[in-house]
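> With the sequence up front, the predicted model follows.
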Amino acid sequence: MPGAQYSLYLPSAKSTYGTFQGVSFELLLGAWIHHNENRGPSHGRVYINTDLLWSTKDGVGKLLTYTLGVDLSFERNARRNYLIPYYGLDLGGFYIGSIGHVFAMNPFVGVHALGTRNIFVNLTGGYLFPTERLDDLAGWRFKVGVDFSLW
């Protein structure tokens, strides 16, 4: 299940780096939906993701991210296919030409605006925590996207 998203990243040092926005591409490695009374995640997804974002500030350049992520919904017996809340974590890194590679993690919350076996429409928001330059590069991340089945 490939996917595409609009992505927005607001680093703490907006005066230095500006605001980053652009496209994300996602490859869903696995997903499940359980409509039963069992405890545990009713919806789950494991995916890899890459973002290509452009800064609003001249001279900063592009931002490339690469992550492995998981998101889970703990709503029990979710019989509907819409507005299902979930929680997740992305682990990976990003690259900015003037800084280089930085490892980061991004815990987030979101909602499956639509979640079926063939399509997921997702809205997410979280906070990016880099391992270096935390005061400059930590910041809010928001995404709106769709994953769809090819068969």
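That came in fine, so what should we check first?
> how about the helices in the protein?
With helices called from DSSP state H, the chain shows them at 14-17, 134-137.
> Rebuild those as TSV, extending it with distance to Y95, mean neighbour count and mean pLDDT.
Every C-beta, even on glycine, is put in place using the N, C-alpha and C of the backbone. Below are those laid out as TSV (distance: least, Cβ to Cβ, whole Å; neighbours: other Cβ atoms under 10 Å; pLDDT from 0 to 100):
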stretch	distance to Y95	mean neighbour count	mean pLDDT
helix 14-17	13	15	90
helix 134-137	12	15	91
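> Stretch 68-80: which residues count as buried?
G69, V70, D71, L72, S73, E75, A78 (16 or more other Cβ atoms under 10 Å).
> who touches the first one in this structure?
What it means is G69. V46, Y47, I48, N49, G88, L89, D90, L91, G92, N106 (Cβ atoms under 8 Å, 6 or more residues apart in numbering).
> Quick check: closest non-adjacent residue to F129.
M105 (5.3 Å; Cβ to Cβ, 6 or more residues apart in numbering).
> Tell me the bridge partners for the one you found.
Going by DSSP bridges, M105 is paired in beta bridges with L91, F129.
> burial of it, as a residue count?
By other Cβ atoms under 10 Å, 17 other residues sit near M105.
> Go ahead and confirm it touches L91.
Yes: contact criterion Cβ atoms under 8 Å: M105 and L91 qualify, at 5.3 Å.
> can you map out the strands along the chain?
For the chain, the strands defined by DSSP state E cover 2-11, 20-33, 43-55, 62-73, 84-96, 100-115, 119-130, 139-148.
> Can you tell me the strand partners of the first one and which way each runs?
Spelled out, that is strand 2-11. When DSSP bridges is applied, strand 2-11 pairs with strand 20-33 (antiparallel), strand 139-148 (antiparallel).
> Quote the end-to-end distance of stretch 13-21.
Terminal residues of stretch 13-21 are spaced 15 Å apart (Cα to Cα, to the nearest Å).
> which other residues reach it?
6-11, 53-57, 60, 63, 96, 135-137.
> now the residues you listed: which count as buried?
S7, Y9, L10, P11, L53, S55, V60, L63, I96, L137.
> Identify the residue spatially nearest to the first one, adjacent ones excluded.
Counting by Cβ to Cβ, 6+ apart, S7 lies nearest to S24, which is 4.5 Å off, once chain neighbours are set aside.
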